[in-house]
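Novice: Here you go, sequence then predicted model.
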Amino acid sequence: MRIIQISDTHLSPGKAHFADNWPPLARWIAAQRPDLVIHTGDVTVDAADVEEDLRYAAELMRGLGVRFRAVPGNHDVGDAGHNHQPVNDQRLQRWHTHFGPDRWVEDVEDSRLIGFDAMLLGSGEREEARQADWLDAVMNDAAGRRISWFLHRPLFLDSPDEADTGYWSVKPQPRARLLELARRYSVGLVASGHLHRAHDFLNDGTRYIWAPATAFLVGEMAPPMPGENRLGAVLYEIDGRTLEAGIIEVPGLSRHWIDDVAEEVYPRRPDSQSAPPLGLRNR
Ligand SMILES: [Fe+2]
Ligand SMILES: [Fe+2]
């Protein structure tokens, strides 16, 4: 079984800054003949406010002609505790309308792939508690299958016990709970997006893969962190309990930098003059 993970496509009919990377990505996916495509979020430029972005991106995803699953990113459904775009029932409902559930299970041979919504973590929303119960349940009834997680935001940047990194990784409290769960069930893989960097490393017996974006790279707007400034995708081959993975260069992608167009794509809000764009710090 062949699976392709893509991430951070940042698609929008209104802001087409990264639209030229979709056709080469779609062509490459078709050539790989995958059984499933997993999108780890920031499918859209700004569906947290613009529903049309979600409708448009869902249509492009369906146009791949391959079955797909997706988990939302901060630009798709908002974020926990965000001043302007908090994740809430209304935003989640829009995701459900266009993309289906924001958490899901795929059993592939002797592997169980679990996708869940990292934007809910630390939000205090009712859905956060429901998702936590659901995650416990689907871990518990995995019946010995090897477990892989797919979520938008990475659990940590440098180390599992690092302090709050703000925008960039899961908050320490929900992170600790997830790491405990990962340890208890020997989770084999945690695959994420969000950072627009490529990275593949082992920690405490779990493999962590940061899927590169296909839309753009982030320059000096991001703090120093591990990984490489690359665009691309991740190719997985699952055979029984064995999962092989590799971060792959996708031919024809233009190396856009968000730093060059941030004010157009993610303009600063009037009440956060001193904050950088991208909505990174305006909370
Ligand atoms: Fe992104
Ligand atoms: Fe993101």
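Specialist: Looks like it came in fine. Ligands and ions are numbered 1, 2, ... in the order given.
Novice: Might one say that Pro223 is in contact with Glu162?
Specialist: No: contact between Pro223 and Glu162 fails when scored by C-beta atoms under 8 Å: they sit 11.9 Å apart. Where you see a C-beta, it was placed from the backbone N, CA and C, and this is true even at glycine.
Novice: Look up phi and psi at Glu233.
Specialist: To be clear, residue 233 is Ala; Glu isn't right here. Here is the backbone geometry of Ala233 (degrees, to the nearest 10): phi -150, psi 180.
Novice: for the longest helix seen in the chain, which positions count as buried?
Specialist: The longest helix of the chain (DSSP state H) is helix 126-140. Of the residues in helix 126-140, Glu127, Glu128, Gln131, Ala132, Leu135, Val138, Met139 count as buried by neighbour count, 16 or more other C-beta atoms under 10 Å.
Novice: any idea of the pLDDT on the nearest residue to Asp110 once chain neighbours are set aside?
Specialist: Take Asp110 and drop its neighbours on the chain: the residue closest to it by C-beta to C-beta, 6 or more residues apart in numbering is Arg241, 4.3 Å away. pLDDT recorded at Arg241 is 87.
Novice: again with the one 4 residues further on
Specialist: For Ala245, the pLDDT comes out at 98.
Novice: What sits closest to it if chain neighbours are left out?
Specialist: Nearest non-adjacent residue to Ala245 (C-beta to C-beta, 6+ apart): Tyr236, at 5.0 Å.
Novice: Could you check the pLDDT of the residue nearest in space to the middle of the chain?
Specialist: In the chain, the centroid-proximal residue (C-alpha atoms, centre = their mean) is His152; its distance is 2.5 Å. Per-residue confidence (pLDDT) for His152: 98.
Novice: what's the angle between the host helix or strand of Arg183 and helix 126-140?
Specialist: For Arg183, the host element (DSSP states H and E) is helix 172-184. Angular relation of helix 172-184 and helix 126-140 on a 0 to 180 degree scale: 10 degrees, by axes from the mean of the first three to the mean of the last three C-alpha atoms, to 10 degrees.
Novice: Can you list the buried residues in helix 172-184?
Specialist: Quick answer for helix 172-184 (16+ other C-beta under 10 Å): Pro172, Pro174, Arg175, Leu178, Leu179, Leu181, Ala182.
Novice: now stretch 218-231
Specialist: Buried, per 16+ other C-beta under 10 Å, within stretch 218-231: Val218, Ala222, Met225, Gly227, Arg230, Leu231.
Novice: what does the average pLDDT come to for it?
Specialist: On average, stretch 218-231 scores 96.
Novice: just stretch 85-97 next, same as before
Specialist: 98.
Novice: May I have the residues that are in contact with Arg177?
Specialist: Ala132 (C-beta atoms under 8 Å, 6 or more residues apart in numbering).
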